[in-house]
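Participant: Kindly generate the corresponding structure for this input.
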Amino acid sequence: MKRILSKICLSGAALATAFSLSTAASAEELTIAHSTWVGYGPLYIAQDEGFFEEEGLDVKLVVMEDVKTRMPALAAGRIDVAVTTIDTVLGFYTDDHPLTYLFALDDSRGGDGIVANADIKTIEDLKGKNVAYTEGSVSQFFLSVLLKEAGMSLSDVNSMNMSAGDAGAAFVAKRVDAAVTWEPWLTRGKDTEHGHLLIDSSKAPGLITDIAVTTEETLEARRPEMEALYRAWAKAIAWQKANEEAADVIMAKGVGGWLEDPAVFAETRAGIAFYDDAMNKTFMDPANEDGIVGTIANAMTLGKESGLITLEADPKSLLAADIVK
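Facilitator: Have a look, this model is predicted:
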């Protein structure tokens, strides 16, 4: 973004900008790691449109596809912030490296779901069926919550562990009765003669939510930067809303991978909702039991039942206070 400074005098706004640019130039680098996912695209808007710079940040965005690499890197201090789903964070929390949630990035609103054979009409009908999903992932969490609400558990289905893409492909090939997956496999599955969309994440807002997370140690040492990171994110979302087509081009290029085509990015983006400032203030409010606090509590309960989580903590204690304000 080009800024023209008057040769005669600097306005108050220009002085503030000049100061922030100077600060950014001398700031310690802040490394954020993410996987290839549409919900992380606004980070590249913040970078390309200068919002990180405006907030005095020197941000390095890196791709780490495997969460089993990303989260240990965070704990070891090789990166400063990681983005992943709320439930995933709990599996990597330790007493030696306690983690804290900063702010929400995006929420799945139809981008995740379950495709099933036509004779499976309800979640209860999954009992005794072969269901493909990725164990230890958000797909397992999504399925577990739905089964719990139906008075069931994972022990009531025949679990078939595979990646989300392989699960979708297995369903299309009639090798399983149902699959927990995401696009493009939801569409491919429901378009088969034998299949339909049983349910998708639009029926469970706030359940599959991506979050920015850091260690308590990093938060204590770099709190002003974490506050600035959130402000830059909020600016990026506001810009995206006002410039959707241009935003898709920036985000597709930045995130890359299978989302490098802006048309594919836009199509995938339709299945999520970005968290703007107002949404974050509601979702991250410790007093809101229907927000992140409720999602954490649900994830802890189900994670303990499946042996994936051992953490004992008050969900409210895991939130970074006053980042979203």
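
Participant: would you put the C-alpha positions of the host helix or strand of Val83 in CSV?
Facilitator: Using DSSP states H and E, Val83 falls within strand 81-85. What follows is the C-alpha trace of strand 81-85 in CSV, where atoms were taken according to Å, rounded to 0.1, in the frame of the first residue of the first chain:
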residue,chain,number,x,y,z
VAL,A,81,1.9,-18.9,16.9
ALA,A,82,0.1,-21.9,15.4
VAL,A,83,-3.3,-22.1,13.9
THR,A,84,-5.4,-25.2,14.2
THR,A,85,-8.8,-26.4,15.5
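
Participant: Tell me how far whichever helix or strand comes after it lies from the chain's centre.
Facilitator: Moving toward the C-terminus from strand 81-85, the next helix or strand (DSSP H and E) is helix 86-90. Once both centres are worked out by C-alpha atoms, centre = their mean, to the nearest Å, helix 86-90 turns out to sit 10 Å from its chain's centre.

Participant: ok, residues contacting helix 86-90?
Facilitator: For helix 86-90, contacts defined as C-beta atoms under 8 Å, 6 or more residues apart in numbering pick out 67, 71, 99, 101, 137-138, 141, 209-211, 213, 292, 295-296, 299-300, 303, 309, 311. Glycine gets a C-beta too; all of them are placed from N, C-alpha and C.

Participant: next one: stretch 257-270
Facilitator: Taking C-beta under 8 Å, 6+ apart as the criterion, the residues outside stretch 257-270 that touch it are 36-38, 41, 63, 110-111, 183, 244, 248-249, 251-253, 255.

Participant: Pick out the lowest-pLDDT one from these.
Facilitator: Within the contacts of stretch 257-270, pLDDT reaches its minimum at Glu183, with 82.

Participant: can I assume Ala178 is in contact with Asn117?
Facilitator: Yes: judged on C-beta atoms under 8 Å, Ala178 makes contact with Asn117 at a distance of 6.9 Å.

Participant: residues bridging contact with these two, i.e. touching both?
Facilitator: Common neighbours of Ala178 and Asn117 (criterion: C-beta under 8 Å, 6+ apart): Lys129.

Participant: Which one's more surrounded, these two?
Facilitator: Ala178 (27 against 20; other C-beta atoms under 10 Å).

Participant: who touches the residue nearest to the more buried one when sequence neighbours are not counted in this structure?
Facilitator: Residue nearest to Ala178 in three dimensions, not counting chain neighbours: Ala116, with 3.8 Å by C-beta to C-beta, 6 or more residues apart in numbering. For Ala116, the contacting residues are Asp125, Leu126, Lys129, Phe171, Asp177, Ala178, Ala179, Gly195, His196, Leu198, by C-beta under 8 Å, 6+ apart.

Participant: State the distance from Ala116 to Ile199.
Facilitator: Distance from Ala116 to Ile199, counting by C-beta to C-beta, to the nearest Å: 9 Å.
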